[in-house]
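Asker: Got a predicted model here, sequence first, then my questions.
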Amino acid sequence: MAIRTDVVRLYRQVHTWTGILTGLILFVCFYAGALTMFKEPLERWITPPVAVTPATLDRAEDLVAATRALRPEVRDFTLAVEPALAGEAPLRLTWTEERFDPAPWAATLAPDGSVAVEQLNPSGIGLLVDFLHRTVGIPGDLDIGTTVTGIASALYVVALVSGVIILLPSLVKDFLILRVTRNVKRLWLDAHNVLGLISLPFHLVIALSAVVFGLHDHIYDTLDRVVYGGQMRAVAAASSPFRTVSKDMGPAGMLPPKEFLTRVHSLAPGFQPVSLEYHDAGTGAATVRVWGYDPRYLVRREGFVLMGAVDGRIIDTEYMPGHQNGWSATVSAFFALHFGSFGGGIVRWSYFLLGLAGAALFYTGNLLWIESRRRTERQAKGRSIVGPVEQSRTTRLLGAGTVGVCLGCVAGLSLTIAAGKWLSGLVDDLHAWHWGIYYAVFLGACAWAFFRGASRAGVELLWASAVATAAIPATSLLGLVMPGLWLSDGLIGVDLVALAGGLVFAAMARGAERRALSGPRDSVWASPVERSDSEMGVQPLAHPAE
Amino acid sequence: MTDASSIRNTHAPIHPDWWSKSVAGVVLGFSLAIAVAGLFAWIGPGGPAAVNKLQFIMWLVVPIWLGVASVCFLFRSGRQAWLWLGCANILAHTALLAARSPLLH
């Protein structure tokens, strides 16, 4: 495809700048985002096994009644159906006091019919990867972090479009060619292009939806003023699933939980219920949302049908897979495409791998920029073409920042996952410990990278990432012999993936080591110790690898 | 339309005008996207109050906005970008006002 060379040159600059400005933020978003695909298994991997008293849903009615009697002020709560049916968790009602509550309350039924209320203390690793994915770990208000990732995602859309424009002229010629030669930069460029092109649809969907997730408050505010004349609240309320629910707060009886499941089944037999979410329980306005999924449809993380809790009538199906109107179905499809919450295990694993590949895309992007800087600096300084180039301050800082942030995130996440199993039951607030460990490793890695420089820190932090990731299967293995640790049932996948990850990081560490010793002398990645003593001896290698 | 013609016009050089074009793409692209999405809300199927159409309208803003912001570097200069996008904005917002006007219904 013919595109003017000056257009390509222009867009190469657009691509470079948007990439440099967002690469590190997006690396964290993608690496943590890949892990969110398996946050439930991770959470269970860390949680000590408990003997679950198998309770059938028949007792759920008693549980609701007894909890209502004990805590009449709690009117909004959730009955988890799926884990109870699968025997993975006891039958319990849970409720939270804030939207993202790391320690929700739970009521369970003792065999004698009495109710025990306790505050749960889940490891919180699921919440951690989720927050990291949304906010890159920027502390404080969730809004600040999501606005930052929203802006980064907007630049990322521009980077994707410009990347495609750059590649169009050579697309037919070069597509899917990996030139494995001595030319390291060429290899990185090919890897970057291949990764970017084959996952382009995924990246476009993720980028556009991430902008929506990050900036929707601001867009809604503008729409309200410009398009809806300040009446947007009324328009939104007219679409609310609860729009027809009465305000009757007088006491009223509710149907047993099993009845809602029966009615949902007759409405949509393919729908698999996960939980019942009660609202205004015990009043005339009481409702139940039956949450669940249907792998045949693209829906948000989960869909729901809203029912009256008193009479069991179907109130709203706008969020129910296969029962939505065109507008809801289109928007739901975008949610599903971002979350990978369709198509079951195959899509989950694909999204996991695509997320890791995305992280690799940003890492290679930064490496490419650093390598091209070397050439432009040589040209700018008019040095002889064979002489080494002194790395500029910016290049050195970006090199150090890249290894510090990316590998700090990797090592921090791996170590905090492994530590969860060691600390489980030993500490009170495991959730806070998870964050403490992550920040300590992440900030430590960043400081180390700037202190040691990109080449040495790159190798050392890759080894650290390999060790931290291998600590996950090592912890499980120790669980076989050490009291206090355990091998998590049916979660061998967590250990195997971590083992593979550890091996990959070790291989990368060896590659980086080799490159530091025998790669081009004037690269940011060259070992600085060697520079003074044997410059002449290694000099010839500098040229072919350029 | 402008973009296509500036590609075809092979002899006119493209001035980078980074700041001018970037700001035009981000700011005017955003207000253009709001107006186009808003027009669709008012004159598209179902009218502005259709159930859950509001969410769709919000999603519509982002691809239009970032599409404009991405291609606006194709304008020959920053001035051209402001001129064309400014005119497009005036047109779109006038049409939106007209669509919202109860007199026309």
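Answerer: Yes, it's here.
Asker: neighbouring contacts of stretch A:238-246?
Answerer: A:237, A:279, A:284-285, A:287, A:289, A:306, A:308, A:315-316, A:318-319, B:49, B:51-55 (C-beta atoms under 8 Å, 6 or more residues apart in numbering or on different chains). Where you see a C-beta, it was placed from the backbone N, CA and C, and this is true even at glycine.
Asker: cool, stretch A:480-493 as well?
Answerer: Outside stretch A:480-493, the residues that touch it by C-beta under 8 Å, 6+ apart are A:38, A:41, A:44-45, A:48-49, A:421-422, A:425, A:475-479, A:494.
Asker: and with 6 Å instead?
Answerer: Stretch A:480-493 is contacted from outside by A:41, A:45, A:476, A:478, A:479, using C-beta atoms under 6 Å, 6 or more residues apart in numbering or on different chains.
Asker: In strands, which of those residues appear?
Answerer: Among these, DSSP state E puts none in strands.
Asker: quick one: which of those is most hemmed in?
Answerer: When neighbours are taken as other C-beta atoms under 10 Å in any protein chain shown, the top entry among the contacts of stretch A:480-493 is residue A:45 (26 neighbours).
Asker: Now do the contacts for it.
Answerer: With C-beta under 6 Å, 6+ apart, residue A:45 has these contacts: A:488, A:491, A:494.
Asker: isn't residue A:336 right next to residue A:342, touching?
Answerer: Yes: between residue A:336 and residue A:342 there is a contact under C-beta atoms under 6 Å: 4.7 Å.
Asker: Common neighbours of those two, please.
Answerer: The contact lists of residue A:336 and residue A:342 share residue A:298, where a contact means C-beta under 6 Å, 6+ apart.
Asker: Report the buried residues of whatever helix or strand residue A:275 lives in.
Answerer: Here residue A:275, judged by DSSP states H and E, is contained in strand A:272-279. Across strand A:272-279, burial judged by 16 or more other C-beta atoms under 10 Å in any protein chain shown covers A:273, A:274, A:275, A:276, A:277, A:278, A:279.
Asker: same for chain B: which of those residues are within range?
Answerer: Counting by C-beta under 6 Å from any C-beta of the partner chain, the subset of these that neighbours chain B is empty.
Asker: Make CSV from the residues you listed and add pLDDT to it.
Answerer: Putting the buried residues of strand A:272-279 into CSV (pLDDT from 0 to 100) gives the following:
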residue, pLDDT
A:273, 91
A:274, 90
A:275, 92
A:276, 94
A:277, 94
A:278, 94
A:279, 93
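Asker: in chain B, which spans are helices?
Answerer: For chain B, helices defined by DSSP state H occupy the ranges B:2-8, B:18-23, B:29-43, B:53-71, B:78-100.
Asker: okay if I get these as CSV plus distance to chain A and mean neighbour count?
Answerer: Shown next, in CSV, are the helices of chain B (distance: least, C-beta to the nearest C-beta, whole Å; neighbours: other C-beta atoms under 10 Å in any protein chain shown):
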stretch, distance to chain A, mean neighbour count
helix B:2-8, 7, 14
helix B:18-23, 8, 17
helix B:29-43, 3, 22
helix B:53-71, 4, 22
helix B:78-100, 7, 17
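Asker: got a markdown table for the ones you listed, with mean pLDDT too?
Answerer: Output for those, formatted as a markdown table (pLDDT from 0 to 100):
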| stretch | mean pLDDT |
| --- | --- |
| helix B:2-8 | 48 |
| helix B:18-23 | 93 |
| helix B:29-43 | 96 |
| helix B:53-71 | 96 |
| helix B:78-100 | 95 |
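Asker: Excluding chain neighbours, what is closest to residue A:257?
Answerer: residue A:60 (4.2 Å; C-beta to C-beta, 6 or more residues apart in numbering or on different chains).
Asker: count of neighbours near the one you found?
Answerer: Neighbour count of residue A:60, defined by other C-beta under 10 Å: 22.
Asker: Work out for me the element it sits within.
Answerer: With DSSP H and E as criterion, residue A:60 is part of helix A:60-70.
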